[in-house]
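Asks: Following is a predicted model, sequence given first.
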Amino acid sequence: MRGRPVQCGAHRGQPRGENRVLEMSSTVPKSSNIFWHDCPVGKTDRQNLLKQKGCVVWITGLSGSGKSTLACTLGRELHTRGKLAYVLDGDNLRHGLNKDLGFAAEDRAENIRRVGEVAKLFADAGLVCIASFISPYRRDRESCRALLSDGSFIEVFLNMSLELCEARDPKGLYKLARAGKIKGFTGIDDPYEAPLNCEIEIKEVDGVCPSPSDMAAQVIAYLEDKGFLHE
Ligand SMILES: Nc1ncnc2c1ncn2[C@@H]1O[C@H](COP(=O)(O)OS(=O)(=O)O)[C@@H](OP(=O)(O)O)[C@H]1O
Ligand SMILES: Nc1ncnc2c1ncn2[C@@H]1O[C@H](COP(=O)(O)OP(=O)(O)O)[C@@H](O)[C@H]1O
């Protein structure tokens, strides 16, 4: 859902003859008397330099579904092809930018809101931004999608069963959650809302998950097809 337009009456700090309408897709700023500054080098210039188009590949799924694995494999594959990508990973961002947030629904929403804004900046810089977050709430993911225009938000759903994720349990978190030692763990006693209209769905076939390189190849094929890997 697009947010409400904000009237912005100045350019580079100088008042303009007519107001410019900026589209704000998230919350309305708390601060007043703020002005948008345009720079002479724009997104198109950066994309031409990089010979690629900026976008956000948003990977969502349960803990243990393979989000970080896909993010890293995809990042490496793009790097090998000479494409600039950057991975934003849930666990990593919770060590810094989002270290003040927990796992209550409102904290997860704020986590995803911040990441959506950061991912938008990376896409504007011309990079393939790979965001790897459980992002369990549809509404939060849709808010991030609304920040990006023209199909440049690509939602990848790692549709792996809870059984598979729990059997993997690389960090032992499902075991702790089952034992009641972690409360509000996604898939156990906290919700995960599967995407309804994602661009890419990766799932098990006969209980077997595609290999990391096959998953990455599926995303690369999409990016190629939609022209993100060219000027
Ligand atoms: N309660 C609870 N629920 C889910 N996950 C938990 C929880 N507590 C800690 N962890 C660890 O946090 C990682 C998920 O962080 P995210 O930022 O991706 O979560 S969210 O998008 O805000 O829901 C997640 O990483 P992944 O396993 O890589 O998904 C876990 O390692
Ligand atoms: N496609 C895959 N095939 C087999 N094992 C995988 C695959 N993707 C991930 N794994 C393994 O599953 C576990 C969880 O993967 P991870 O990427 O950490 O998931 P998430 O980031 O969603 O929590 C890891 O031990 C990883 O090596």
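Replies: Ah, there it is. Ligands and ions are numbered 1, 2, ... in the order given.
Asks: quick one, helices of the chain?
Replies: Taking DSSP state H as the test, the helices found in the chain are 43-50, 67-80, 90-93, 105-124, 138-147, 162-168, 173-178, 212-225.
Asks: closest to ligand 1 out of the ones you listed?
Replies: helix 90-93 (2.4 Å; CB to the nearest ligand atom). All C-beta atoms are positioned from the backbone trio N, CA, C, and that covers glycine.
Asks: what does the average pLDDT come to for the closest one?
Replies: Across helix 90-93, pLDDT averages out at 96.
Asks: quick one: it to chain centroid distance?
Replies: 12 Å (CA atoms, centre = their mean, to the nearest Å).
Asks: okay, the helices of the chain in CSV with mean neighbour count and distance to Ile34 next?
Replies: Below are the helices of the chain laid out as CSV (neighbours: other CB atoms under 10 Å; distance: least, CB to CB, whole Å):
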stretch, mean neighbour count, distance to Ile34
helix 43-50, 14, 21
helix 67-80, 19, 34
helix 90-93, 16, 25
helix 105-124, 19, 15
helix 138-147, 19, 18
helix 162-168, 15, 43
helix 173-178, 17, 41
helix 212-225, 16, 35
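Asks: Could you export those helices as CSV, including distance to Val57?
Replies: Formatted as CSV, these follow (distance: least, CB to CB, whole Å):
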stretch, distance to Val57
helix 43-50, 16
helix 67-80, 7
helix 90-93, 14
helix 105-124, 9
helix 138-147, 12
helix 162-168, 20
helix 173-178, 24
helix 212-225, 6
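Asks: do you know which of the ones you listed lies nearest His37?
Replies: helix 105-124 (13.8 Å; CB to CB).
Asks: tell me the angle the closest one makes with helix 138-147.
Replies: Interaxial angle, helix 105-124 versus helix 138-147 (axes from the mean of the first three to the mean of the last three CA atoms, to 10 degrees): 20 degrees.
Asks: The chain should start at 13 in everything you say after this.
Replies: With the count now opening at 13, the last piece we talked about shows up as helix 117-136.
Asks: Helix 117-136 close to ligand 1?
Replies: Yes: under the criterion of CB under 6 Å from any ligand atom, helix 117-136 makes contact with ligand 1 via Arg120, Asn123, Ile124.
Asks: now the last one, nearest residue through space, not along the chain?
Replies: In space, Ile124 comes closest to Asp152 once its chain neighbours are excluded; the distance is 4.1 Å by CB to CB, 6 or more residues apart in numbering.
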